[in-house]
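Enquirer: Let's see this in three dimensions:
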Amino acid sequence: MDQDLKQQLDRIEKFMMEHLATKQEVTELAGKLNTLTESVNKLTTAVDNLAKRINDFDDQNTTLKHQLLSLQDWAREVSKKVGIEFKL
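Expert: Next up is the predicted model:
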C-alpha cells in the first residue's frame, strides 16, 4: 500500500474515532433522552395539576368572599333594625 494513502487512511480513521459516535453511544443517548422526556412529561403534569388546584382554590375563595360580604350586609341591616351597632 502506498505510504501517502496509508497516512490519509490513518488520518481519516483518527478523525472518525474522535468525532463520530458509536452505535452504543447513540443508543445510550437515546435512552437518556427518553428518560428526560418522561421526566419533563411528569413535571408538566404536576404543574398542570397544581395550576388547576390554584384555580379551584381561587374560585372557592371568590365564592366565600361574596358569601361573607352578603352576610356582612345582612348583619348591618339586622343591626339597624334591632338597634345594635355593627362593628367590623
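
Enquirer: For this structure, which residues score under the pLDDT cut-off?
Expert: By pLDDT under 70, the weakly predicted segments of the chain are 1.

Enquirer: can you give me the helices for it?
Expert: 3-19, 23-82 (DSSP state H).

Enquirer: In CSV: the ones you listed, plus mean neighbour count.
Expert: For every residue, glycine as well, the C-beta is placed using N, CA and C. As requested, these are exported to CSV (neighbours: other Cβ atoms under 10 Å):
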stretch, mean neighbour count
helix 3-19, 9
helix 23-82, 10
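
Enquirer: Tell me which of these sits nearest to Leu88.
Expert: For those, the distance to Leu88 is smallest for helix 23-82, at 6.4 Å, taking Cβ to Cβ.

Enquirer: Quick check: end-to-end length of stretch 9-28?
Expert: 28 Å (Cα to Cα, to the nearest Å).

Enquirer: who touches it?
Expert: Contacts of stretch 9-28 with the rest of the structure, by Cβ atoms under 8 Å, 6 or more residues apart in numbering, involve Leu29.

Enquirer: what's the spacing between that stretch and its chain's center?
Expert: 37 Å (Cα atoms, centre = their mean, to the nearest Å).

Enquirer: And for stretch 39-59?
Expert: Relative to its chain's centre, stretch 39-59 lies at 8 Å (Cα atoms, centre = their mean).

Enquirer: for stretch 36-48, same thing?
Expert: Relative to its parent chain, stretch 36-48 has a centroid offset of 6 Å by Cα atoms, centre = their mean.

Enquirer: Alpha carbons of it, as PDB, please.
Expert: Extracted as PDB, the C-alpha positions of stretch 36-48 are listed here (Å, rounded to 0.1, in the frame of the first residue of the first chain):
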ATOM      1  CA  LEU A  36     -35.500  13.100  30.200                       C
ATOM      2  CA  THR A  37     -38.700  13.200  28.100                       C
ATOM      3  CA  GLU A  38     -40.500  11.100  30.700                       C
ATOM      4  CA  SER A  39     -39.300  13.500  33.500                       C
ATOM      5  CA  VAL A  40     -40.500  16.600  31.600                       C
ATOM      6  CA  ASN A  41     -43.900  14.900  30.900                       C
ATOM      7  CA  LYS A  42     -44.300  14.100  34.600                       C
ATOM      8  CA  LEU A  43     -43.200  17.600  35.600                       C
ATOM      9  CA  THR A  44     -45.600  19.200  33.100                       C
ATOM     10  CA  THR A  45     -48.500  17.000  34.500                       C
ATOM     11  CA  ALA A  46     -47.600  18.100  38.100                       C
ATOM     12  CA  VAL A  47     -47.500  21.800  37.100                       C
ATOM     13  CA  ASP A  48     -50.900  21.400  35.300                       C
END
